[in-house]
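In: mind folding the following:
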Amino acid sequence: MISAQRDTVPMSIGSLSEATGCSRETIRYYEKQALLPQAQRSLGGHRQYTGHHLRMLRFILRARELGFGQDDVRRLLEMASPDQTDCGRVHDLASHQLADVRERLRDLRKLEKTLSELVRSCEKEGKAASCPVIESLLRA
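Out: As a prediction, this is how the structure comes out:
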């Protein structure tokens, strides 16, 4: 669960970026998209992030690593709040993502087979006009 508790020690966007490996631009983007709550501002106008932001950003980044799209990340964040936990909905969302990943893997295997066949049939010597790879691309 992502704790709603707000940590009181502020950190800069640079510190948050360094702690997560996420670029400052991406952090700002996630704020604009309301995936990450807006940071409080210092008197000088600098963003001040908390441990809560750090936990949420790590959650978002891990979900993105697993291939979840922005809308799904938003749903997962909503489901991760202590009063909204519904493992059935999380399971359904993760199962759908797994099916998508498996479909992409099948497509990639087909692509690998096609490219492998083209590379095997291609001679390194000769003119591009007679190259099977070029011919295949021209037929598309």
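In: can we go C-alpha only for contacts and neighbour counts from here?
Out: Fine.
In: where does the protein dip in pLDDT?
Out: Filtered on pLDDT under 70, the chain yields the residue ranges 1-8, 84-85, 125-129.
In: any chance you could map the helices in it?
Out: Applying DSSP state H to the chain gives helices spanning 13-20, 24-32, 51-65, 70-80, 87-121, 132-139.
In: can you list the ones you listed in CSV and add distance to residue 45?
Out: Shown next, in CSV, are those (distance: least, Cα to Cα, whole Å):
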stretch, distance to residue 45
helix 13-20, 12
helix 24-32, 14
helix 51-65, 18
helix 70-80, 27
helix 87-121, 38
helix 132-139, 54
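In: can you redo these as a markdown table with mean neighbour count and distance to residue 44?
Out: Conversion of the helices of the chain to a markdown table gives the following (neighbours: other Cα atoms under 10 Å; distance: least, Cα to Cα, whole Å):
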| stretch | mean neighbour count | distance to residue 44 |
| --- | --- | --- |
| helix 13-20 | 16 | 14 |
| helix 24-32 | 14 | 18 |
| helix 51-65 | 17 | 20 |
| helix 70-80 | 17 | 31 |
| helix 87-121 | 13 | 41 |
| helix 132-139 | 12 | 57 |
